[in-house]
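Student: no letters, just coordinates:
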């Protein structure tokens, strides 16, 4: 399962490779092989977002920043319109064509292009450079791709507690928060709405 280090690693990979590049193509049919090949995955690309709406929201916009809070990640893009929010679920991952694949404890994203179970593929281009291909794959379909006008102010991100990497509480604050709960310690620590 992708945890904070893997999600942060994915954020950095996209930032390092795609920052400042324009989205010149958006593919939304599942590709790479699998039983849903050629179909739009309305479960992963969620909240009732239609295929054409998703494509129109991203096409022609430039990646200005890649942000993360907890295990939620979003792209800040140029121009007006909603922003894509990514959650990897249990087996979701990004892959960039020609770059090393993400590796989790129990699986590695395959080396073919596009990776098996690709749900969305974005093509980025900077002036005079080759196209970069970014794929989001998710074999188990627990990941989500959402569109949000202001990701930090809307669910699911607005419901998250502090980020343990970017906004770590000091020991006193952490202790004060921890004693408020009657639940088992592990349950409290794993609840991203409480402590993250």
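Tutor: Sure thing, it's come through. Since we're looking at a predicted model, the values are computed, not measured.
Student: pull the longest helix from this structure.
Tutor: Under DSSP state H, the helix in the chain containing the largest number of residues is helix 4-18.
Student: packing partners for that one?
Tutor: Helices and strands touching helix 4-18, by 3 or more CB pairs under 8 Å, 6 or more residues apart in numbering; DSSP states H and E, are strand 63-69, strand 72-77, strand 93-96, strand 132-137. In this view, the C-beta of every residue, glycine as well, is placed from N, C-alpha and C.
Student: do a quick rundown of the strands in the chain.
Tutor: For the chain, applying DSSP state E gives strands covering 22-27, 63-69, 72-77, 83-87, 93-96, 118-125, 132-137, 144-148.
Student: and among the ones you listed, the most buried is which?
Tutor: Sort the strands of the chain by mean neighbour count, taking mean count of other CB atoms under 10 Å, and strand 93-96 sits at the top with a mean of 24.
Student: contacts for that one, please.
Tutor: 2, 6, 10, 13-14, 17-18, 86, 101-102, 104, 109, 113-115, 132-138 (CB atoms under 8 Å, 6 or more residues apart in numbering).
Student: quick one: distance of it to the chain centre.
Tutor: Put simply, strand 93-96 sits 10 Å off its chain's centre (CA atoms, centre = their mean, to the nearest Å).
Student: could you do stretch 161-169 as well?
Tutor: For stretch 161-169, the distance to the chain centre is 18 Å (CA atoms, centre = their mean).
Student: just the mean pLDDT for that stretch, thanks.
Tutor: Averaging pLDDT along stretch 161-169 gives 81.
Student: mind listing what's buried along it?
Tutor: 161, 162, 163, 169 (16 or more other CB atoms under 10 Å).
Student: so where is the protein shaky, pLDDT-wise?
Tutor: For the chain, the stretches flagged by pLDDT under 70 are 1, 104-107, 195-196.
Student: re earlier: which one of the buried residues of stretch 161-169 is nearest to residue 29?
Tutor: Ranked by distance to residue 29 (CB to CB), these are led by residue 163 at 33.7 Å.
Student: nearest residue to that closest one other than its sequence neighbours?
Tutor: Spatial nearest neighbour of residue 163, excluding adjacent residues (CB to CB, 6 or more residues apart in numbering): residue 69 at 5.0 Å.
Student: repeat that for residue 146.
Tutor: residue 85 (4.4 Å).
Student: against residue 69, how distant is the residue positioned nearest the centre of the chain?
Tutor: By CA atoms, centre = their mean, the chain has its centre lying nearest to residue 86, at 2.7 Å. Residue 86 sits 12 Å away from residue 69, taking CB to CB, to the nearest Å as the criterion.
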